[in-house]
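Chemist: Structure, please.
(chains A and B)
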Amino acid sequence: MDPLEYIELVFTDYTLRTITLGTAILGAVCGMLGSFAVLRKQSLLGDAISHAALPGIAIAFLITGTKDSSVLLIGALVSGLIGTFWIRGITSKTHLKSDTALGLILSLFFGFGMLLLTFIQKQPNANQAGLDKYLFGQAATLVESDVWLMAIVTGICLIILLLFWKEFKILLFDADYTKTLGFNTKFIDILITTFIVLAIVLGLQTVGVILMSAMLLAPAAAARQWTNSLSFMVVLAAIFGAFAGVFGTAISASQSNLSTGPVIVIVAGVFVIFSFIFSPSRGLLFKQIRLIKNRRDLELHKTLAFMYHIAETHENISHPHAIKILNNFQGYTTKTLKELVQKNYVTIKGNMWSLTKEGFTVASNLYNQQNTKDE
Amino acid sequence: MSSSQIEIQLIASIVAIACAIPGTFLVLRKMAMISDAISHSILPGIVIGFFITQDLNSPLLIILAAFTGIITVVLVEYIQKTGLVKEDTAIGLVFPTLFSIGVILIAKNANDVHLDVDAVLLGELAFAPFDRMIIGGVDIGPKSLIIIGTILIITITLLFLFFKELKISTFDAGLAASLGFSPTVIHYGLMTVSSVTTVGAFDAVGAILVVALMIAPAATAYLLTTDLKRMLVLAIVFGVTGAISGYWLAHILDASIAGSITTMLGIIFFLVYLFAPSKGVIAVVYREKQQRIEVSLLTFLLHLKNHQEEEERHVNHLNEHINWQKVRSKTVLELAQKNNMILIDNGVVSLTEKGEEFTSLAIDYIITNEDAKIEYMKDDFFLFRG
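Modeler: Just a heads-up that it's a prediction; the model follows:
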């Protein structure tokens, strides 16, 4: 299937359109809120909460007997929130550290959820089939009402985010200062945590419990590499998330036997790898290039300084010297010599080199450490 | 009890012990989430091993899976070292991606064979006794029992051989390095044991229960003791208790054994979390309340000592002067009276001899800033103990 055909299909095919829209919105909202999770060092909260939501889904089903996704999501939200605040309780009231608390809540809630699910499966109620789609996620089960729900939640998130932007921002970077300014940090904290839990719960149906944490983190981690500004990072993360959703859906739709969730996660992972390598200011590639360039500059300077010391002892600074004497010097390579010639610091005649006037000035400045200009 | 029931409980208990040992060190090293990451990211290792051997029982699967577990740790550490993201984000990025690769590999290539994600992730202990290890025509027991038993023996051997090294590098990596044993070797050794244990336990009980068995017993034990040896023993006891009681819960409810064991571990943790003698929530809250009252009492006694004037020492005046709520000042007054520190005469409060002595001692400690000794002082004067 070529891309044009696919795009046409997205607009005409109901299922494909719903899934594409759904995953795009989900990606955007996850990216947006994930930025806060990443910056608050709550990255693994996503993993813990998505597992902790399972018993809520099961209990909501046990109580209401329906598989209506909004009812189940409320259950998931409640148990996700209980999980989150219990994690808080464990870290603040005992000496257990946050990673232990996260792992505890994650595994214990999920295990309890499994117990409930198998218990439900034994019930004489034909309605229970499909509850386990929350474990692995099945984008194909998305219907239009789910997409509406996601869109509405995203809208509310966006409004709240804009309303409390200043508070969120200041809380991220200096919680103590926020308190002294008289903001109710507890309220802001609960607000942002609730929204993160909400985003996780929304994603469960689409990408499943295990992959949800990547959905939350990957767009934010990728966006972080390109900017130091929070607002730009949030926008960028939302865009990355949405694109991961769209591309992931497209790839999984064009092949048989590919579930959407894992593909979206891998696409998001590719974004992260790309950002890690190619981001101009933080990326590994440019960091390496800068390192090499600095090293080469240093070698050039070393050679120049060495030449300067030789030339200094002569009255005529352009007095020619044999190239051979440079061979004893560590920083010297043919390449650095060529570069020096190119920069017009040195002239070569046969086997002899001599420092030019320009080269002498630069070298003397270098020696006096007055020349701060990067060569 | 039928023999398969006994076998299931035996497998569950041995898995619990095998998990509790590395789990204790993971909890102490603040690396609990690594066990979660490993348990998910070994999936591609299992899948690739299956593609190579076409046999779910091949030992190559275990080796490859354990190797993937170690790759996970290395990757997480590499990403963390680049400084681009924090450690927790690195964990959160690595394992879902590896897991996704595993899921896709299964979906693309192994759709028609017995290897589905549910089974790998959730595990079914109930079937474990039916998969027998038969050597030379002789049935020597369930396969998972043999595998996890072997892993347990290796773990225990390593634990005894390297206990000192593990202990020191856990609590003080710098000291360990200066004593001449590399914390890195110990670190990767522990990661390898965790990885192998996860893989071994995985087959029988599934990914999530492995995490629960590693973290929950160790965390529960940590609430009760800070002694490493005692913590190990307690973690094992809690793990085995959870395993056996969980089996019977599953038996009663006719539900998943792994889920029931986790639930039991959860209940045990919750009880200890609430009622642990010195670190439980109730004890902590009670102690905080006591400390608040003790501080109030001290402030109150100092106030009395500083003011000889009668109007400053009148019961009614104290409320507004020190600005306490009624209830609290009443508690403080009662406590002081019970300890014979004050006398109330016609609504005027005055210090007794014991009160005077206590207050001067307190001032002494405050001035010399030896706050540690205040604890002994409180013992000497029997605050809260009548």
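
Chemist: does the closest residue to B:S360 other than its chain neighbours sit in a helix or strand, and which one?
Modeler: Excluding the flanking residues, the one nearest B:S360 by C-beta to C-beta, 6 or more residues apart in numbering or on different chains is B:K305, at 7.8 Å. From N, CA and C alone the C-beta is placed, and that goes for glycine too. Element membership for B:K305 (DSSP states H and E) is helix B:281-306.

Chemist: again, but for A:G22
Modeler: Going by DSSP H and E, A:G22 is in helix A:14-39.

Chemist: State the mean pLDDT of that helix.
Modeler: On average, the pLDDT along helix A:14-39 is 91.

Chemist: name the helices or strands packed onto that helix?
Modeler: Applying 3 or more C-beta pairs under 8 Å, 6 or more residues apart in numbering or on different chains; DSSP states H and E, one finds that helix A:14-39 contacts helix A:3-12, helix A:45-64, helix A:144-163, helix A:165-173, helix A:185-207, helix A:212-224, helix A:230-254, helix A:260-278.

Chemist: most tightly surrounded among those?
Modeler: Neighbour counts (mean count of other C-beta atoms under 10 Å in any protein chain shown) averaged over each of those peak at helix A:212-224, with a mean of 31.

Chemist: Show me what that helix is packed up against.
Modeler: Using 3+ C-beta pairs under 8 Å, 6+ apart, helix A:212-224 sits against helix A:14-39, helix A:45-64, helix A:185-207, helix A:230-254, helix A:260-278, helix B:87-109.

Chemist: Turn those helices into JSON lines, including distance to B:L253.
Modeler: Compiled in JSON lines, the helices and strands packed on helix A:212-224 are given as follows (distance: least, C-beta to C-beta, whole Å):
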{"stretch": "helix A:14-39", "distance to B:L253": "35"}
{"stretch": "helix A:45-64", "distance to B:L253": "13"}
{"stretch": "helix A:185-207", "distance to B:L253": "25"}
{"stretch": "helix A:230-254", "distance to B:L253": "37"}
{"stretch": "helix A:260-278", "distance to B:L253": "30"}
{"stretch": "helix B:87-109", "distance to B:L253": "29"}
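
Chemist: So which of the helices and strands packed on helix A:14-39 is nearest A:M32?
Modeler: With distances scored as C-beta to C-beta, the stretch of the helices and strands packed on helix A:14-39 nearest to A:M32 is helix A:230-254 (4.7 Å).

Chemist: For chain B, tell me whether that closest one is touching it.
Modeler: No - against chain B, helix A:230-254 shows no contacts by C-beta under 8 Å from any C-beta of the partner chain, the least distance being 9.1 Å.

Chemist: relative to helix A:165-173, how tilted is that helix?
Modeler: 90 degrees (axes from the mean of the first three to the mean of the last three C-alpha atoms, to 10 degrees).

Chemist: Show me the shaky parts of chain B.
Modeler: For chain B, the stretches with pLDDT under 70 are B:56, B:110-123, B:317-328, B:369-386.

Chemist: how far is the helix or strand of chain A with the lowest mean pLDDT from where the chain is centred?
Modeler: Scoring the helices and strands of chain A by mean pLDDT, DSSP states H and E places helix A:133-136 at the bottom, with a mean of 72. Distance, stretch centre to chain centre, for helix A:133-136: 24 Å (C-alpha atoms, centre = their mean, to the nearest Å).

Chemist: near chain B, anything from that helix?
Modeler: Yes - using C-beta under 8 Å from any C-beta, we find that helix A:133-136 touches chain B at A:135-136.

Chemist: Show me what that helix packs onto, helices and strands only.
Modeler: Short answer (3+ C-beta pairs under 8 Å, 6+ apart): helix A:133-136 packs on helix A:45-64, helix A:185-207, helix B:117-122.

Chemist: how many neighbours does whichever residue of chain A sits closest to chain B have?
Modeler: Of all residues in chain A, A:G111 sits closest to chain B, at 2.2 Å by C-beta to the nearest C-beta. Other residues lying near A:G111 total 32 when counted by other C-beta atoms under 10 Å in any protein chain shown.

Chemist: Which residue would you name as the spatial centre of the chain?
Modeler: Assuming you mean chain A. Geometric centre of chain A, nearest residue: A:A221, 1.0 Å, by C-alpha atoms, centre = their mean.

Chemist: Chain B, not that one
Modeler: Most central in chain B (C-alpha atoms, centre = their mean) works out to B:A219, at 1.3 Å.

Chemist: ok, that residue to A:P55 distance?
Modeler: 19 Å (C-beta to C-beta, to the nearest Å).

Chemist: re earlier: so the residue nearest to the centre of chain B makes contact with A:S98?
Modeler: No - here B:A219 does not reach A:S98: they are 11.9 Å apart, not a contact under C-beta atoms under 8 Å.

Chemist: Tell me who's in contact with the residue nearest to B:S360.
Modeler: Contacts for B:K305 were tallied using C-beta atoms under 8 Å, 6 or more residues apart in numbering or on different chains; they are B:351, B:356, B:359-360, B:363.
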